[in-house]
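> Give the three-dimensional model of this entry:
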Amino acid sequence: MIEGDPHGLLEGMLIAAYATGARYGYIYCRAEYPLAIKRLKIAIAEAEERKFLGEHILDSGFSFNLSIKEGAGAFVCGEETALMASIQGRRGMPSLRPPFPAESGIHESPTNINNVETYENVAFIINRGPGAFNQYRCGKTVGTKVFALAGKVKRVGLVEIPVGMTIRELVEGIGGGSSTGRPLKAIQMGGPSGGCIPERLFDTTIDVESITATGAIMGSGGIVVMDDQTCMVDVARYFLTFIQNESCGKCTFCRIGTKRMLDILTRFTNGEGADQDLALLEDVARHVKKTSLCGLGQLAPNPVLTTIRYFREEYEAHITEKRCPAKVCKPLIRFTIAADACVGCGTCTKSCPVKAISGEKKALHHIDSRLCTRCGLCRETCTFHAMAVR
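Residues are numbered from 1 along each chain as shown. Just a heads-up that it's a prediction; the model follows:
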């Protein structure tokens, strides 16, 4: 939105400033988005040139100035009090409320905080009227929502949809369905701290109440599409790795609890899980959710709890059978060469980085499992599909 319509953001913030009597505004943008920052700077300069920003706007008594704060990319700064601390040059860590930002925020002044998507809607609602916005309604949720489709879907990218559309209509209709030709298994919605929704629930309507009921969140609108070759235990471990690294460390349960959850998930993917670990994982997740100070910790267990809720059988296979059903977790799989498919072309031996494959030309080749790192290069390069994963 910032890259495509920076003036829409400025207009929404100007209206908010006029309504609340604010004289100064900040746009907090990650430094990793240089194009957005570049276009914001151009838009602010254009607005100032036309006297839409600055002192005595359009010769009125209203003054409003804007500046850009380039953040360092800390995920925790999505929480409003951590964001305000970062703007003021302090470490981005959440603080207790009250006081709430509307009472005492940046520099102890009353502060109005909203995300880009909210501000971008303001001018539309004022110009077209609330009816134009409210025509898109599902339950208590109204308007439209921008989603970013990624993963194993044919058409990736940004799409704005009316609320009330189903997940299936979004993923299979607009997104074009699976990009691999394999059956879809689930989506992960709401960013790293969102939840996983299985394919059997793809007819769920996209509104806040319905999505929350699945255990996921709409959040920032990120959607990662996964097919049946995705290991849901590994997915939970992947997102917990990110969340644990991004924890500011202020809350004991978030700081230590996310680490303990990650340790347990890592044991599962390494084939070292014990029978009692699954109950322990759920217990730690519930405590982290209840006792964390900010949204990062409160939402951190979502990837874990939703994958356990919908894909418990995969966890049990990792724990009791020491098997990864999706054949993704490297310590739990083994590469073999099918005798009826191998022609001894030697392509696999050339692609293997650790020289784990041997065999005479035009004869059956063999893999030394003690040397094999399960990198999968042999499988990718074998044109005869002789490589099997067990």
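> In stretch 187-201, which residues are buried?
Neighbour counts over stretch 187-201 (16 or more other C-beta atoms under 10 Å) mark 187-199, 201 as buried. In short, each C-beta sits where N, CA and C put it, glycine included.
> bridging residues for Tyr26?
Here Tyr26 sits in beta bridges with Ser67, as judged by DSSP bridges.
> With the one 4 residues further on instead?
Listed by DSSP bridges, the beta-bridge partners for Arg30 are Gly71.
> and it, what does it touch?
70-73 (C-beta atoms under 8 Å, 6 or more residues apart in numbering).
> Of the residues you listed, just the buried ones, ChimeraX syntax please.
To isolate in ChimeraX the members of the contacts of Arg30 that are buried, counting by 16+ other C-beta under 10 Å, one can use:
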select :71
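> Quick check, Gly257 in contact with Val284.
Yes. Gly257 lies in contact with Val284 (C-beta atoms under 8 Å); the separation is 5.3 Å.
> quick one: which of the two has more around it?
Each of Gly257 and Val284 has its neighbours counted (other C-beta atoms under 10 Å); Gly257 has more, 24 against 21.
> now the more buried one: how far from Pro183?
Distance, Gly257 to Pro183, using C-beta to C-beta, to the nearest Å: 34 Å.
> now Glu103
As judged by C-beta to C-beta, Glu103 and Pro183 stand 52 Å apart.
> and what of Asp234?
Between Asp234 and Pro183 the distance is 18 Å, computed by C-beta to C-beta.
> ok, back up a step: can you tell me which of the buried residues of stretch 187-201 lies closest to Gln135?
Met189 (24.1 Å; C-beta to C-beta).
> Contact partners for that closest one?
Applying C-beta under 8 Å, 6+ apart, the residues contacting Met189 are 167, 195-197, 211, 216-219, 222-223.
> what about it, distance to Gly164?
16 Å.
> repeat for Asp234
Applying C-beta to C-beta, the value for Asp234 to Gly164 is 33 Å.
> Repeat that for Ser104.
From Ser104 to Gly164 the distance is 38 Å (C-beta to C-beta).
> Contacts only, for the residue nearest to Thr252 when sequence neighbours are not counted.
In space, and not counting its chain neighbours, Thr252 is closest to Thr291: 7.9 Å by C-beta to C-beta, 6 or more residues apart in numbering. Contact analysis of Thr291 by C-beta under 8 Å, 6+ apart lists 251-253, 297.
> ok, which pair from those residues is furthest apart?
Thr252 and Gly297 (9.9 Å).
> These two: which is more packed in?
Neighbours per residue (other C-beta under 10 Å) separate Thr252 from Gly297, with Gly297 holding more: 28 against 12.
> so the more buried one makes contact with Ser247?
Yes. In this structure, Gly297 is within contact of Ser247 by C-beta under 8 Å, at 6.9 Å.
> shared neighbours of those two, which are they?
254, 258.
> follow-up on the earlier one: among the contacts of Arg30, which has the minimum pLDDT value?
Taken together, these show their lowest pLDDT at Gly73, with 80.
> Leaving out the residues flanking it, which one is nearest to that one?
For Gly73, ignoring the flanking residues on the chain, the nearest one in space by C-beta to C-beta, 6+ apart is Arg30 at 5.0 Å.
> Next one: the one you found from Met218, what distance?
With C-beta to C-beta as the criterion, Arg30 and Met218 are 20 Å apart.
> same question, Ile15
Following C-beta to C-beta, the distance that separates Ile15 from Met218 is 24 Å.
> ok, the two, which is more surrounded?
A count of neighbours by other C-beta under 10 Å puts Met218 above the other of Ile15 and Met218, at 21 against 15.
> My guess is that one contacts Ile211. True?
Yes. Taking C-beta under 8 Å as the definition, Met218 is a contact partner of Ile211 at 5.3 Å.
> pretty sure Thr266 contacts Asp234?
No. Taking contacts as C-beta under 8 Å, Thr266 lies outside contact range of Asp234: 10.0 Å.
> which one of these two has more residues nearby?
More crowded of Thr266 and Asp234, by other C-beta under 10 Å: Asp234, with 20 against 14.
> Would you map the strands across the stretch 201-350 of the chain?
Using DSSP state E, counting those that start in this stretch, the strands of the stretch 201-350 of the chain run over residues 222-227, 335-337.
> got any ranges where the stretch 251-390 of the chain has weak pLDDT?
Low-confidence segments of the stretch 251-390 of the chain, defined by pLDDT under 70: none present.
> circling back to that earlier point, can you redo the strands of the stretch 201-350 of the chain as JSON lines with distance to Asp5 and mean neighbour count?
What follows is the strands of the stretch 201-350 of the chain, written out as JSON lines (distance: least, C-beta to C-beta, whole Å; neighbours: other C-beta atoms under 10 Å):
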{"stretch": "strand 222-227", "distance to Asp5": "20", "mean neighbour count": "22"}
{"stretch": "strand 335-337", "distance to Asp5": "50", "mean neighbour count": "19"}
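> Pipe those strands into TSV and attach distance to Lys350 per row.
What follows is the strands of the stretch 201-350 of the chain, written out as TSV (distance: least, C-beta to C-beta, whole Å):
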stretch	distance to Lys350
strand 222-227	29
strand 335-337	15
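> To Thr307, which of these lies closest?
It's strand 222-227; of the strands of the stretch 201-350 of the chain, that one is closest to Thr307 (C-beta to C-beta) at 10.8 Å.
> what is the mean pLDDT for that closest one?
The average pLDDT within strand 222-227 is 96.
> Name the residues that touch it?
Contacts of strand 222-227 (C-beta under 8 Å, 6+ apart): 147-153, 170-171, 175, 178, 180, 182-191, 194, 235.
> Could you tell me which strands it is paired with, and in which direction each runs?
strand 144-151 (parallel), strand 184-189 (antiparallel).
> Spatially central residue in the chain, please.
With distances taken as C-alpha atoms, centre = their mean, Gly191 lies nearest the centre of the chain, 2.0 Å away.
> Kindly provide the distance from it to Ile44.
Taking C-beta to C-beta, one finds Gly191 at 28 Å from Ile44.
> burial measure for the nearest residue to Gly221 once chain neighbours are set aside, as a count.
In space, and not counting its chain neighbours, Gly221 is closest to Phe147: 4.4 Å by C-beta to C-beta, 6+ apart. A count of nearby residues for Phe147, using other C-beta under 10 Å, gives 22.
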